[in-house]
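Visitor: could you look at this predicted model? Sequence included:
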Amino acid sequence: CPSGTYGFACEGVCLCQNDATCDPKDGRCKCKPGYKGQYCSKVCDEGYYGHHCSHMCLCGKDEPCHHVTGKCSCPPGKIGKGCEQNCPEGKFGLDCKENCSCLPNQLCDPTNGQCFCKSGFQGPNCDKVCPEGTFGIGCSDHCNCEHGSSCDPLTGECICKPGFTGPTCEQECPTGYHGDQCLKTCHCQNGATCDPSTGQCVCPPGLTGKYCEEACPVGKFGKDCKEECNCENHKCDPKTGKCLCPSGTTGLECAEGCPHGFFGPNCQLECQCKQNASCDPVTGCCHCPNGFVGTLCEYECPAGWYGKSCLQQCECMGTAICNPITGVCTCPAGQHGTKCEKTCVQGFYGHGCQEECNCGSHSCDPATGECHCPPGFTGPQCKEMCRDGKYGPGCQQRCQCQHGGTCNPTTGKCTCRPGWIGSTCDISNGSIFGTDEDETANGIS
């Protein structure tokens with residue numbers, strides 16, 4: 001069919017617009033890019049472009065694009081496929097085709113070309129830097145830097161003074177560092193600190209030198225070693241000024257001896273002696289009292305010795321105890337005398353022989369007071385005779401008589417029954433007087 005017609009006999013007239021073609025069979029329109037509708041009479045909706053209007057525009061908000069090509073229709077001051085770029089410096093207007101005519105410290109508005117000062121400058125010709133404490137376009141922003149630090153007039157970034165760091169210079173340099181941005185290391189010694197700004201060492205009392213490495217010279221003390229010692233020997237503690245007395249002395253002029261229990265330089269050391277013993281004010285050696293020995297006077301004299309350094313030998317007799325301090329003897333019961341060399345006189349007993357025996361005419365044990373009974377007697381006062389089967393002193397011995405014989409309570413000699421003889425009545429003499437009962441009887445109990 002000729003152009004503009006369609007159908008079996010090309011009798012139909014195409015109604016397509018905007019250079020669209022129609023199908024030769026049914027007359028349906030085929031739209032060119034950028035158009036739509038039954039007869040391709042409508043352009044693409046805003047925000048779309050191209051074939052069948054199926055492509056989305058990439059322009060910025062409220063910035064249309066060409067319905068056929070998709071090219072953005074950028075406002076003055078913008079360029080780029082999506083109008084996302086500002087005009088390059090020195091250009092302005094539609095498609096950034098106009099040239100700016102601003103001074104060196106000025107920028108021009110990319111929309112209309114109007115000149116304004118760059119960040120950090122002000123004045124009619126933009127030739128003045130922002131005053132301290134301000135920054136930015138028109139110097140309208142205020143710095144928030146601390147400790148008197150300034151800020152960059154363009155960006156507002158804080159420029160910290162030496163000794164400070166942090167986004168707003170709010171932090172002092174950490175211990176051991178100083179200077180710009182706290183990058184320098186301090187070299188102070190002996191616990192001294194350094195000035196965070198200058199790095200100069202700040203010495204504690206008693207120290208001097210560039211790095212506080214020296215003690216105050218003799219005769220000086222205190223902060224910067226400016227104080228004068230007031231001691232007889234001119235030696236004092238470089239920190240406090242307290243006099244450094246030689247061992248065994250103390251006081252402002254070192255003229256006083258150490259008090260009890262102390263010794264050494266300035267009498268600052270405590271004695272370790274036991275028994276409240278004194279110590280040498282110079283060396284601290286213990287002066288032990290009588291009856292004690294050892295480095296610290298911690299031991300009593302060993303048995304048999306007493307006195308100073310336990311060098312004297314006791315003279316106590318037997319089991320008597322000697323006082324380690326005085327050497328005086330403590331006698332056991334039944335003994336008396338300076339050396340406990342005497343036994344209690346008859347009739348007395350106990351400690352100091354102060355107790356009186358209660359044994360009648362008999363003697364008693366000098367220690368216990370127990371009566372010494374004669375053979376054949378016993379009891380507290382020796383008034384009881386030995387009972388059957390016992391004899392001798394204290395009735396402690398057992399009779400040996402057999403076959404019913406009895407023994408003398410004093411000597412233990414057997415008295416045999418008829419029919420028996422022998423020292424223990426153990427021999428039959430053939431007499432008819434013996435009985436079976438006699439055979440089994442004996443004097444042993």
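Guide: Sure thing, it's come through.

Visitor: mind checking the SS state of the residue nearest the centre of the chain?
Guide: Nearest residue to the geometric centre of the chain (CA atoms, centre = their mean): residue 191, 20.5 Å. Under the three-state scheme (DSSP: H, G, I helix; E, B strand; the rest coil), residue 191 adopts coil.

Visitor: how near is the nearest residue to it once chain neighbours are set aside to residue 172?
Guide: Distances taken as CB to CB, 6 or more residues apart in numbering put residue 204 closest to residue 191, at 6.5 Å, once the chain neighbours are dropped. C-beta: built from backbone N, CA, C; applies to glycine. Residue 204 sits 19 Å away from residue 172, going by CB to CB, to the nearest Å.

Visitor: those two: which has the busier surroundings?
Guide: The neighbour count for residue 204 versus residue 172, taken as other CB atoms under 10 Å, is higher for residue 172 (16 against 12).

Visitor: how near is the more buried one to residue 146?
Guide: Separation of residue 172 from residue 146 (CB to CB): 11 Å.

Visitor: which segments of the chain make up each domain?
Guide: 1-73, 385-427 (the TED database).

Visitor: below-threshold pLDDT in the stretch 1-150 of the chain: ranges please.
Guide: Residue ranges of the stretch 1-150 of the chain with pLDDT under 70: 60.

Visitor: residue 174 reaches residue 184, doesn't it?
Guide: No: counting by CB atoms under 8 Å, residue 174 stays clear of residue 184, with 11.9 Å between them.

Visitor: so who does residue 408 touch?
Guide: 376, 391, 415 (CB atoms under 8 Å, 6 or more residues apart in numbering).

Visitor: which residues does the last one bridge with?
Guide: This means residue 415. Bridge pairing for residue 415 (DSSP bridges) gives the partners residue 406.

Visitor: between residue 172 and residue 146, what contacts are shared?
Guide: In terms of CB under 8 Å, 6+ apart, residue 172 and residue 146 are both contacted by the residues residue 164.

Visitor: pLDDT score assigned to residue 441?
Guide: We have a pLDDT of 37 for residue 441.

Visitor: typo on my end, it should be residue 176
Guide: At residue 176 the predicted local confidence, pLDDT, stands at 91.

Visitor: I'd say it and residue 185 touch.
Guide: Yes: Residue 176 lies in contact with residue 185 (CB under 8 Å); the separation is 6.5 Å.

Visitor: phi, psi of the residue lying closest to residue 271 once chain neighbours are set aside?
Guide: Setting aside the residues directly before and after it, residue 271 is nearest to residue 279 in space (CB to CB, 6+ apart), at 3.7 Å. Dihedral pair for residue 279: phi -130, psi 160, per degrees, to the nearest 10.

Visitor: likewise residue 223?
Guide: Backbone phi and psi, for residue 223 under degrees, to the nearest 10, turn out to be phi -60, psi 120.

Visitor: what sits against it?
Guide: By CB under 8 Å, 6+ apart, residue 223 lies in contact with 203, 205.

Visitor: and if you look at the one 4 residues further on?
Guide: Taking CB under 8 Å, 6+ apart as the contact definition, residue 227 lies against 220-221, 241.

Visitor: from the opening residue of stretch 19-35 to its closing one, how far?
Guide: Distance between the two ends of stretch 19-35: 10 Å, counting by CA to CA, to the nearest Å.

Visitor: what does stretch 350-366 give?
Guide: By CA to CA, one end of stretch 350-366 lies 6 Å from the other end.

Visitor: stretch 383-390 too?
Guide: Counting by CA to CA, you get 15 Å between the two ends of stretch 383-390.

Visitor: again, but for stretch 68-80
Guide: OK, stretch 68-80 end separation, CA to CA: 17 Å.

Visitor: and the contacts of residue 408, which is closest to residue 58?
Guide: Using CB to CB, residue 391 is the member of the contacts of residue 408 that lies nearest residue 58, at 145.1 Å.

Visitor: in contact with the residue nearest to that closest one when sequence neighbours are not counted, which residues?
Guide: Among residues not flanking residue 391 along the chain, residue 412 sits closest, at 4.1 Å (CB to CB, 6+ apart). Contact analysis of residue 412 by CB under 8 Å, 6+ apart lists 391-392, 397, 399-400.

Visitor: distance-wise, check residue 412 relative to residue 378.
Guide: 14 Å.

Visitor: the nearest residue to residue 270 once chain neighbours are set aside: neighbouring residues, count only.
Guide: Here the nearest residue to residue 270 in space, its sequence neighbours aside, is residue 262; by CB to CB, 6+ apart that works out to 5.9 Å. Number of residues near residue 262 (other CB under 10 Å) recorded here: 18.
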